[in-house]
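Chemist: Provide a 3D model corresponding to the input given below.
(one chain, ligands or ions: 1)
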Amino acid sequence: MSWKDKLIIALDVSNADRALDIVDRLGDYAGVFKVGFELFVSAGPSVVERIRNKGKKVFLDLKFHDIPNTVSKAAVAATRLGVYMFNAHTSGGLEMMVRCREAVDEVCLKEKLVKPKIVGVTVLTSLENGILKNELCIQHGVRAHVKHLALLALKAGLDGVVASPHEIGMIKQNCGREFLVVTPGIRPSWVPPDDQKRTATPKDALREGADYIVMGRGIVKQDDPVKALELISLEILTA
Ligand code: C5P
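Modeler: Numbers count the residues shown, from 1 in each chain. This is a model prediction of the structure:
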């Protein structure tokens, strides 16, 4: 498996034409394309279908976080859209995650659909210990909180979690090698962190055992995204 099969490119743009142009230009370099809030709210669900029609997998990154009934209905809708992966906040609680997973299992069985991977968002990569402690009243720190939420996602039967590259090893150790870890906060050495706090280079994240690395600005917002990808490739493949 090439590292490019593990690359998820974030289509953080405001219209479908721009997103599809990126898919056309970078389609050979990434296994999965991510549709997040900006694109989904601007372009609607049809953008998912248009990306899929190009033979590409879609990670629907809408981070569901609501009461169990609402999240399970949204999860069914995402499954019917044919997404490869979608996510929900683990902090929505165990019942929310369990009902979400059960609703997906049920609709897949009934309508003979392919089951998407469901990953739980743990602690956003834009947060760090100070914010957790001072703003969110979570005293035990990022690592302990990520561990707790990852174990909760495992208990709920989710396929894995979204976490920072700093927590990959700890999650694999506690939740098992098969439990997926999807890591945003990825920055090649020459790209600034922007609003991301818990970052790592693509090479380090993959070396730590990330199943998927999510990259947005480090590729899409560069003057020449293809050149950026080639440089990243070089960095990864150089011992
Ligand atoms: O531009 P950048 O590479 O920082 O983009 C990261 C992408 O991953 C964004 O689309 C962001 O919404 C998403 N994401 C994240 N942290 C999470 C989950 C998703 O940064 N915990």
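Chemist: can you list contacts of stretch 42-51?
Modeler: Residues outside stretch 42-51 that contact it (C-beta atoms under 8 Å, 6 or more residues apart in numbering) are 11, 14-16, 19-20, 23, 33, 35, 39-40, 58, 60, 81-83. Heads up, the C-betas are built off the backbone N, CA and C, glycines and all.
Chemist: Can you name the two of those residues that sit furthest apart?
Modeler: Farthest pair in those (C-beta to C-beta) is 14 and 82. Separation: 23.0 Å.
Chemist: Look at these two and report which has more neighbours.
Modeler: Neighbour count, other C-beta atoms under 10 Å: between residue 14 and residue 82, residue 82 has more, with 15 against 11.
Chemist: Neighbours of the closest residue to that one other than its chain neighbours, how many?
Modeler: Residue nearest to residue 82 in three dimensions, not counting chain neighbours: residue 52, with 5.6 Å by C-beta to C-beta, 6 or more residues apart in numbering. Number of residues near residue 52 (other C-beta under 10 Å) recorded here: 16.
Chemist: Repeat that for residue 74.
Modeler: 18.
Chemist: Give me the contacts around the helix or strand harbouring it.
Modeler: For residue 74, the host element (DSSP states H and E) is helix 68-80. Contacts with helix 68-80, where a contact means C-beta under 8 Å, 6+ apart, come from 60, 62, 64-66, 86, 88, 92-93, 95-96, 98-104, 107-108, 111, 113, 115-116, 118.
Chemist: filter those residues to the buried ones?
Modeler: Buried subset of these (neighbour count, 16 or more other C-beta atoms under 10 Å): 60, 62, 64-65, 86, 88, 92-93, 96, 98-101, 103-104, 107-108, 116, 118.
Chemist: that older thread, adjacent strands (with direction) for whichever helix or strand comes after the helix holding residue 74?
Modeler: Using DSSP H and E, the helix or strand that follows helix 68-80 in sequence is strand 85-89. Strand 85-89 has the following strand partners under DSSP bridges: strand 57-64 (parallel), strand 117-121 (parallel).
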